[in-house]
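Visitor: One predicted model, sequence on top.
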Amino acid sequence: MSNGQNRKDIYPGLAVKIVLKADQRSGKLTAGVVKDILTNSSFHPHGIKVRLTDGQVGRVQEIQNI
């Protein structure tokens, strides 16, 4: 299972769990579907930043297996 640090593993329509900026201390994850990829670099140690279809923005922590 990928942990969301590599941009090549993430694409629009992918089901993921992200950590929102407000939840970074608690580590609470929010599930959703990727709409846009906001990180330009190919790798990010804290997770690739994405916008979900519902408009929430956060860093990918888990990629869901459907």
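Guide: Structure received. Residues are numbered from 1 along each chain as shown.

Visitor: Let me see the contact set for D23.
Guide: Applying Cβ atoms under 8 Å, 6 or more residues apart in numbering, we find D23 in contact with L29, T30, G58. Using the backbone N, CA and C atoms, a C-beta is placed for each residue, glycine as well.

Visitor: Count residues in the vicinity of the second one, would you?
Guide: In other words, T30. Residues near T30, counting by other Cβ atoms under 10 Å, number 15.

Visitor: so it makes contact with Q56?
Guide: Yes: between T30 and Q56 a contact is recorded at 6.2 Å, counting by Cβ atoms under 8 Å.

Visitor: Next one: Q24 from K49, what distance?
Guide: Going from Q24 to K49 by Cβ to Cβ, to the nearest Å gives 12 Å.

Visitor: Have a look at the two and say which one is more surrounded.
Guide: K49 (20 against 12).

Visitor: if I pick that one, what's in contact with it?
Guide: When contacts are counted by Cβ under 8 Å, 6+ apart, K49 touches I37, L38, T39, V57, G58, R59, V60.

Visitor: Separate out the buried members of those residues.
Guide: Among these, those scoring as buried are I37, T39, G58, R59, V60 (criterion: 16 or more other Cβ atoms under 10 Å).

Visitor: taking the residues you listed one by one, which sit in strands?
Guide: I37, G58, R59, V60 (DSSP state E).

Visitor: now, the most widely separated pair of those?
Guide: Maximum pairwise distance in those, criterion Cβ to Cβ, is 12.3 Å, between I37 and G58.
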